[in-house]
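Asks: based on what follows, work out the 3D shape:
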Amino acid sequence: MLFAILLLAAGAGAGAGAATYNGVFYVTGSQFYEACWKRREKEKAVGGFNEAQADNPSQAVLWASCTPIVAETMDKAGYVLGSSAANAPEDAKALAGSCPDRQTEIPLILGYLYIVVVDAIEKTGGPSLIDHVAPAGWLVERALKARWPRCVDAAHPYIAKARKETPPS
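Replies: Numbers count the residues shown, from 1 in each chain. Next up, the predicted model:
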């Protein structure tokens with residue numbers, strides 16, 4: 001009887017592991033990278049501001065999540081955008097050296113923000129073994145840390161300042 005219970009538990013664990021690997025519960029890091037990399041390549045081929053078309057509904061859903069996953073991860077991890085633009089606020093100028101520079105490093109259209117992260121993932125060697133089961137945010141955060149390692153520490157005082165200046169709701 002004990003053997004049968006252990007066998008069932010092992011089967012359930014294997015099933016859950018396979019489901020996680022296939023992204024049933026969330027978008028994994030490797031799924032994010034593969035889908036967003038394909039989107040970037042298709043958009044390069046289409047050129048300009050023309051929107052590339054996904055090959056199937058599943059791909060369309062993953063493509064639609066590329067920038068939201070990056071934006072959510074940046075927000076949760078404490079990343080902000082700096083700016084070296086002449087008319088940028090002083091706080092944004094102070095962060096331009098340590099954080100993503102809106103003027104020089106971030107696409108004009110924020111919907112393409114994912115491209116910056118896909119490029120950073122490529123430069124760090126692509127997804128690791130754990131990224132086949134870990135949520136996409138882990139891979140995105142690792143790429144952000146590799147590209148802008150001092151941003152979160154540099155941004156912390158400015159985020160705290162902004163929160164103090166914003167009246168509670």
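
Asks: after the helix or strand bottoming out on mean pLDDT in the chain comes which helix or strand?
Replies: The weakest-scoring helix or strand in the chain, judged by mean pLDDT, DSSP states H and E, is helix 2-21 (a mean of 48). Downstream of helix 2-21, the next assigned helix or strand under DSSP states H and E is helix 29-46.

Asks: low-scoring pLDDT stretches of this protein, where are they?
Replies: The chain contains residues with pLDDT under 70 at 1-24, 166-169.

Asks: centroid-nearest residue for this protein?
Replies: For the chain, the residue sitting closest to the mean C-alpha position, by Cα atoms, centre = their mean, is Val70 at 2.9 Å.

Asks: quick one, the host helix or strand of it and helix 29-46 angle?
Replies: Counting by DSSP H and E, the element that carries Val70 is helix 57-77. Angle of helix 57-77 versus helix 29-46, following axes from the mean of the first three to the mean of the last three Cα atoms, to 10 degrees, is 110 degrees.

Asks: and helix 57-77, how far out from the chain's middle?
Replies: 7 Å (Cα atoms, centre = their mean, to the nearest Å).

Asks: who does that helix touch, helix- and strand-wise?
Replies: helix 29-46, helix 113-123, helix 136-147 (3 or more Cβ pairs under 8 Å, 6 or more residues apart in numbering; DSSP states H and E). (C-beta placed from N, C-alpha, C; glycine too.)

Asks: let's go with 10 Å and repeat that
Replies: In terms of contacts (3 or more Cβ pairs under 10 Å, 6 or more residues apart in numbering; DSSP states H and E), helix 57-77 is packed against helix 29-46, helix 113-123, helix 136-147, helix 151-165.

Asks: ok, which of those comes nearest Ala60?
Replies: For those, proximity to Ala60 was assessed by Cβ to Cβ; helix 29-46 is nearest, at 9.7 Å.

Asks: the closest one vs helix 136-147, what angle?
Replies: Using the same axes, to 10 degrees: helix 29-46 against helix 136-147 is 70 degrees.

Asks: run the chain-centre distance for helix 29-46.
Replies: Counting by Cα atoms, centre = their mean, helix 29-46 comes out at 13 Å from the chain centroid.

Asks: buried residues in that helix?
Replies: 29-40, 42-43 (16 or more other Cβ atoms under 10 Å).

Asks: and if you look at stretch 129-148?
Replies: The neighbour-count check on stretch 129-148 (16+ other Cβ under 10 Å) flags 131, 133-145, 147-148 as buried.
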